[in-house]
Structure formats: structure tokens, C-alpha cells
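**Student:** predicted model and sequence follow; I will ask about them next.
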Amino acid sequence: MSRIGIFGGTFDPPHLGHLILAAESADQLRLDTVLWMVAPLPPHKQEKKVSPFGRRVAMTEAAIRGEARFQVSTLENERAGPHYTADTLEILKGRRPGDELFLLIGQDSLNDLPSWHEPERVLTAIAGLGVMARPGERHETAGLLEQFPSLAEKLIRVDAPLLEISSTEIRARVKGGRHFRYYVCGGVARLIEAWGLYR
């Protein structure tokens, strides 16, 4: 039985903050593999302009190159949308029936749990929910535990040195001609330059 972390995101672009969170989750939750689940177009970002899926996959592959426990997954792009986490997890469980799945999310996503599509299905599909909080981020766990009793045994806090880096800020830096190189891996920076992304 393997312990599999699912780390979903748009990754437009993937940055050092993502890598630190994934690495700390892998260590603290004793994960055998972290699947970087690249989202085709998340339901909550329908109105936003997102880089082409293939380019985001290539940047994510460049970011994690050389880390044996990290893999890129394009599972969500293999089926028609909308792409809900509950569906993705159930497909993964079908493909990996003997493995334990751990969903890795931020505190902001946990706060939004009641608004997720069928959150009970998500909680049923996973062995654990690894939650990473930014410094000063609000915790609303008490109300969530009342609403979702099964959350109590699955909620795991992941302690990580959370960098105040966001993909939004990196895109703005590139567009404004400011330094961005030290916020992403070298391979990601080279692809951004080669493709002229975010200009």
C-alpha cells in the first residue's frame, strides 16, 4: 500500500512556494508519491485567462524534475469538465484500489469546504486531508467539524515555511518587466522566457 498525496492547482506558473509545500507534505505525511494534479480550468476560475494546459504541464514537469517522489498528473484533462475534486479522487481510487489518498490543500480551501461540490464524497475518498495555512490566516475549524464530523479524523496540519509568493504576483512581475527568476525554478524561468508568457 502506498501513500499518495494529491496536490492540485492551476500552476500558472508553479513556483518555489508550491515546491516547499509539496516537499513538507511529503515528509510530514510520509507520502510515497505526490501527484501534481494540473487543473485544465478550475470551476472557480472560469472567467480568468489561464495559460494553455500543455504549457502549464511542461512548466510543472520542469519544476519537479529530479525529485523522485513528485509526479505530474494530467488525469483531469482526460475527461470532460467541469472537473470536481470528488470525481477526480474516485477515479484515482479506482485506479489505485490498495493505496491511501491524501488531499493537500491550503487553509483558505478548507474554509471554503461547505461550498465545494459534494464535500462528503471528497472526505469519504481520502485517508487524510493535509492542510497548510499561511501566517495569520483565519482558522474556522470548529464550525467545519460540526458540519462534517468525519473531518476530525482526517484533518492533518502541515507545518511549512510558507513564502508570500503567488502565481498572480509572478505573472505581474513578468508583465511589468521586474525580476521573477528567483521565485521559480530555473527550468520554469527558461520556459516563461522562451514562450514569452505573461507579457
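**Tutor:** Received, thanks.
**Student:** only C-alpha atoms for contact and neighbour calcs from this point on.
**Tutor:** OK.
**Student:** most remote residue from this structure's center?
**Tutor:** Most distant from the centre of the chain: Gly177, at 27.2 Å, with distances by Cα atoms, centre = their mean.
**Student:** quick one: that residue and Pro52, what's the gap?
**Tutor:** Distance, Gly177 to Pro52, using Cα to Cα, to the nearest Å: 22 Å.
**Student:** re the thing from before, from Leu163, how far out is the residue farthest from the centre of the chain?
**Tutor:** Taking Cα to Cα, one finds Gly177 at 22 Å from Leu163.
**Student:** all helices for this protein, in order.
**Tutor:** Remark: helices assigned in the chain by DSSP state H are 16-28, 53-64, 85-95, 107-111, 119-125, 141-147, 167-175, 186-195.
**Student:** and those as CSV, adding distance to Val38?
**Tutor:** Compiled in CSV, these are given as follows (distance: least, Cα to Cα, whole Å):
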stretch, distance to Val38
helix 16-28, 12
helix 53-64, 7
helix 85-95, 12
helix 107-111, 17
helix 119-125, 18
helix 141-147, 27
helix 167-175, 14
helix 186-195, 15
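**Student:** what's the closest of the ones you listed to Thr74?
**Tutor:** Of all those, helix 53-64 sits nearest to Thr74, with 7.8 Å by Cα to Cα.
**Student:** and that closest one, how far out from the chain middle?
**Tutor:** Here the centre of mass of C-alpha atoms in helix 53-64, compared against the chain's by Cα atoms, centre = their mean, to the nearest Å, lies 13 Å away.
**Student:** contacts for it next, please.
**Tutor:** 10-15, 19, 36, 38-40, 70-72, 74, 184-185, 187-188, 191 (Cα atoms under 8 Å, 6 or more residues apart in numbering).
**Student:** so which of the residues you listed sit within strands?
**Tutor:** Members of the contacts of helix 53-64 lying in strands (criterion: DSSP state E): Trp36, Val38, Phe70, Gln71, Val72.
**Student:** now the third one: how far from Ser25?
**Tutor:** Separation of Phe70 from Ser25 (Cα to Cα) stands at 11 Å.
**Student:** please consider this matter closed, and thank you.
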